[in-house]
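Engineer: My questions concern the predicted model and sequence given below.
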Amino acid sequence: MAARRPLSLTARLAALFALLAASLLLVVGVVLGRAVEAHFDELDHHDLSAKLTMITNLVARTGSEAAFDALPQRLRDALSGHDNVAVLLRDAHGSVIFAERPQAFDAAHLAGAPLAAAERTWTLDGRHYIGRERALLAPLAEPQPLTALVALDITHHAHFLTTVRNRLWIGISLAATVAALLGWLAARQGLAPLARVTATARRLSAERLGERIAERDAPAEVRELAEAFNGMLDRLEASFRRLSEFSADLAHELRTPISNLMTETQVALSRSRAPEAYREVLVSNLEEFDRLARMVGDMLFLAQADNGLLPRPAETVELAEEAAALADFYEALAEAHGLRLAVSGRARVRGDRLMLRRALSNLLSNALRHAAPGGEVRIAIDTDAHGVRLTVSNPGEAIPPDQLARIFERFHRVDPSRSRDRGDGTGLGLAITRSIVEAHGGHIEAASAVGWTHFTLHLPAAAPADAEPAGVAAAPFKTEAQGPQA
């Protein structure tokens, strides 16, 4: 079954115009109808009360038997000309002593059944009635209880209200149709510039991302769309350019270990060798495979970061403890380079412990690789009004300013040849660190001058509920792992 084609924007606007017009007229019609109906109800109730009052007054003047006997005629004279009024008057035994237009009452009324409510309506032979019942007392020598049932024919009012409602529905339908037509014409005229935007968008492709939508002749609403669309194209073009550069860098990085593996394997197969020689080749190949595996793992991690798939912060992390644990881990490497490690300060953040440890490990490993021998690599933790700062500092050759702006890019190395000689991993460590920090709602910055390089992580502080218990002060934290002086 073919998918149902959605309505065009013009048709939707036309339908909206019709719906709004119909809704507005319907509300007005309902309010007007209720007002007319309430007015007629008020007139009918007033007329009914007037007739009951008249009957009550006539009964009140029956002080003698003769006057009581003349009551039916007096009621008949009083109701003369009131063709829409029907009356039943009963004595204490339920016998009808006066009836005017009894055809207005149903069998139950004529049989003496009381009204179910103080005032009610009914329909009989296509006519509509409203009735009220009242108990009276004739002031004879021996007071005579009476019951008066008065009915008012309101058929003409009901017919009038029905006619008003029918004409109102017809008027609402016609007005909605006219509104839909006017809305369609207005939308078609107003959205004409959108067709030109569509034509321009159809010409765009990956090879023609440089085209832009003209904004000068578009109305304000479409101009905003054009500006947003052009902004999207700018971002897409920049993303395509970065993707192209990244693909070239990735191919270059993968080519070196793959070339090494192929060369060593070809040399090993060129002639028969002793088992020890083959073992050396396999060990060398294993190192290249390990490098490839780490590069693939890092790329998968960055792909998750780009798509927002990294774990969300879920635990309270004591940065000083993580920094101290890493300082112990890297102590042997620091000694090998003639360096000292120092950790100071403490703070708590809300995040993923393993991810934050990985970010700090990347910075510490990077600092140890590039620090001048005999110096001190410092990890300083403190807090300010904006959150938590963690700074990893190392002495050594300053990073050129033009390289500092690109240091967090993937596969970027300040000195590629020297970095590879020093075993600089995959070139993705700082990019991974930035992704981890941003996933925790923070940011990272680098500064290098006067013989020192500083990498600073800015992270949101943990909520007060995650801080130290009340009355327990956070003790200053400081540890130092010291290797031999160079």
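Structural biologist: Yes, it's here.

Engineer: so where do the strands sit in the chain?
Structural biologist: 85-90, 96-100, 119-124, 127-138, 144-153, 315-318, 340-344, 348-351, 376-384, 387-395, 443-449, 452-459, 478-482 (DSSP state E).

Engineer: between the ones you listed, which one is nearest to residue 428?
Structural biologist: strand 443-449 (14.5 Å; C-beta to C-beta). Where C-beta positions appear, they are placed from N, C-alpha and C, glycine not excepted.

Engineer: Residue 277 versus residue 315, what's the distance?
Structural biologist: 51 Å (C-beta to C-beta, to the nearest Å).

Engineer: about what we covered before: can you check which of the strands of the chain gets nearest to residue 17?
Structural biologist: Closest among those, using C-beta to C-beta: strand 127-138, at 38.9 Å.

Engineer: for the closest one, the distance to its chain's centre please.
Structural biologist: On the basis of C-alpha atoms, centre = their mean, to the nearest Å, strand 127-138 is displaced by 61 Å from the centre of the chain it belongs to.

Engineer: Kindly report the same for stretch 317-333.
Structural biologist: With C-alpha atoms, centre = their mean, you get 42 Å for stretch 317-333.

Engineer: Would you mind listing the buried residues in that stretch?
Structural biologist: Within stretch 317-333, the residues scored as buried using 16 or more other C-beta atoms under 10 Å are 317-324, 326-327, 330-331.

Engineer: ok, back up a step: ranked by average pLDDT, which of the strands of the chain falls at the bottom?
Structural biologist: Ranked by mean pLDDT, these bottom out at strand 478-482, which scores a mean of 47.

Engineer: Which pLDDT value goes with residue 30?
Structural biologist: The predicted structure lists residue 30 with a pLDDT of 85.

Engineer: same check, this time on residue 339
Structural biologist: pLDDT, residue 339: 94.

Engineer: got a list of what it touches?
Structural biologist: 368, 371, 373-377, 483 (C-beta atoms under 8 Å, 6 or more residues apart in numbering).

Engineer: Among those, name the buried ones.
Structural biologist: Looks like those have 368, 371, 375-377, 483 buried, using 16+ other C-beta under 10 Å.

Engineer: Now for residue 321: which residues touch it?
Structural biologist: By C-beta under 8 Å, 6+ apart, the contact list for residue 321 is empty.

Engineer: just to revisit the earlier point, make a markdown table out of the buried ones among the contacts of residue 339 and add distance to residue 257.
Structural biologist: Conversion of the buried ones among the contacts of residue 339 to a markdown table gives the following (distance: C-beta to C-beta, whole Å):
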| residue | distance to residue 257 |
| --- | --- |
| 368 | 23 |
| 371 | 27 |
| 375 | 32 |
| 376 | 34 |
| 377 | 29 |
| 483 | 31 |
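
Engineer: Low-confidence ranges, the stretch 151-300 of the chain, go.
Structural biologist: 206, 215-219, 221, 245-246, 249-250, 252-253 (pLDDT under 70).

Engineer: rewinding a little: could you list which of the contacts of residue 339 belong to helices?
Structural biologist: residue 368 (DSSP state H).

Engineer: Show me which pair in the contacts of residue 339 is furthest apart.
Structural biologist: 368 and 374 (13.0 Å).

Engineer: Just the buried residues of stretch 317-333: which are in helices?
Structural biologist: 319-324, 326-327, 331.

Engineer: Run through the helices of the stretch 201-350 of the chain in chain order.
Structural biologist: According to DSSP state H, counting those that start in this stretch, the stretch 201-350 of the chain carries its helices in the segments 220-269, 275-306, 319-329, 331-336.

Engineer: Quick one: list the elements packing against the second one.
Structural biologist: Using 3 or more C-beta pairs under 8 Å, 6 or more residues apart in numbering; DSSP states H and E as the contact criterion, the elements in contact with helix 275-306 are helix 220-269, helix 429-439.

Engineer: and the longest one, what does it pack onto?
Structural biologist: Counting contacts by 3+ C-beta pairs under 8 Å, 6+ apart, the secondary-structure elements packed against helix 220-269 are helix 192-202, helix 275-306.

Engineer: Tell me how the chain divides into domains.
Structural biologist: 9-162, 220-306, 315-482 (automatic domain parsing).

Engineer: Serialize these to JSON lines and add fields for distance to residue 197.
Structural biologist: Below are the domains of the chain laid out as JSON lines (distance: least, C-beta to C-beta, whole Å):
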{"stretch": "domain 9-162", "distance to residue 197": "12"}
{"stretch": "domain 220-306", "distance to residue 197": "6"}
{"stretch": "domain 315-482", "distance to residue 197": "34"}
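
Engineer: quick one on the thing from earlier: with distance to residue 273 and pLDDT as added columns, please give the ones in helices among the buried residues of stretch 317-333 in TSV.
Structural biologist: What follows is those, written out as TSV (distance: C-beta to C-beta, whole Å; pLDDT from 0 to 100):
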residue	distance to residue 273	pLDDT
319	52	94
320	53	94
321	51	94
322	47	94
323	48	94
324	48	94
326	42	94
327	44	93
331	40	93
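
Engineer: and of those, the nearest to residue 86?
Structural biologist: residue 319 (94.2 Å).

Engineer: wait, what's in contact with residue 364?
Structural biologist: 326-327, 330, 341, 377, 379, 392.

Engineer: How about residue 265?
Structural biologist: So residue 265 contacts 281, 285 (C-beta under 8 Å, 6+ apart).

Engineer: Any figure for the gap between it and residue 393?
Structural biologist: 43 Å.

Engineer: same check, this time on residue 266
Structural biologist: 46 Å.

Engineer: which one of the two has more residues nearby?
Structural biologist: residue 393 (20 against 9; other C-beta atoms under 10 Å).

Engineer: Just confirm that one contacts residue 380, I think it does.
Structural biologist: Yes. Contact criterion C-beta atoms under 8 Å: residue 393 and residue 380 qualify, at 7.1 Å.

Engineer: Give the burial count for residue 349, as a bare number.
Structural biologist: 27.

Engineer: Just list whatever residues bridge to it.
Structural biologist: Here residue 349 sits in beta bridges with residue 317, residue 461, going by DSSP bridges.

Engineer: Going forward, the N-terminal residue is numbered 470.
Structural biologist: Got it, first residue is 470 now, which makes that one residue 818.

Engineer: so residue 880 makes contact with residue 896?
Structural biologist: Yes. Applying C-beta under 8 Å as the test, residue 880 and residue 896 come out as touching, 4.3 Å apart.

Engineer: how far is stretch 861-876 from where the chain is centred?
Structural biologist: 42 Å.

Engineer: ok, back up a step: of the buried residues of stretch 786-802, which is the nearest to residue 645?
Structural biologist: Closest to residue 645 out of the buried residues of stretch 786-802 is residue 786 (62.4 Å), distances taken as C-beta to C-beta.

Engineer: mind listing what the nearest residue to residue 653 once chain neighbours are set aside touches?
Structural biologist: Once flanking residues are discounted, residue 653 sits nearest to residue 483: 3.7 Å by C-beta to C-beta, 6 or more residues apart in numbering. Taking C-beta under 8 Å, 6+ apart, we find residue 483 in contact with 649-650, 652-653, 656.

Engineer: Turn those residues into JSON lines, columns for distance to residue 508 and neighbour count.
Structural biologist: Converted to JSON lines, the contacts of residue 483 look like this (distance: C-beta to C-beta, whole Å; neighbours: other C-beta atoms under 10 Å):
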{"residue": "649", "distance to residue 508": "33", "neighbour count": "20"}
{"residue": "650", "distance to residue 508": "35", "neighbour count": "13"}
{"residue": "652", "distance to residue 508": "35", "neighbour count": "22"}
{"residue": "653", "distance to residue 508": "39", "neighbour count": "18"}
{"residue": "656", "distance to residue 508": "41", "neighbour count": "19"}
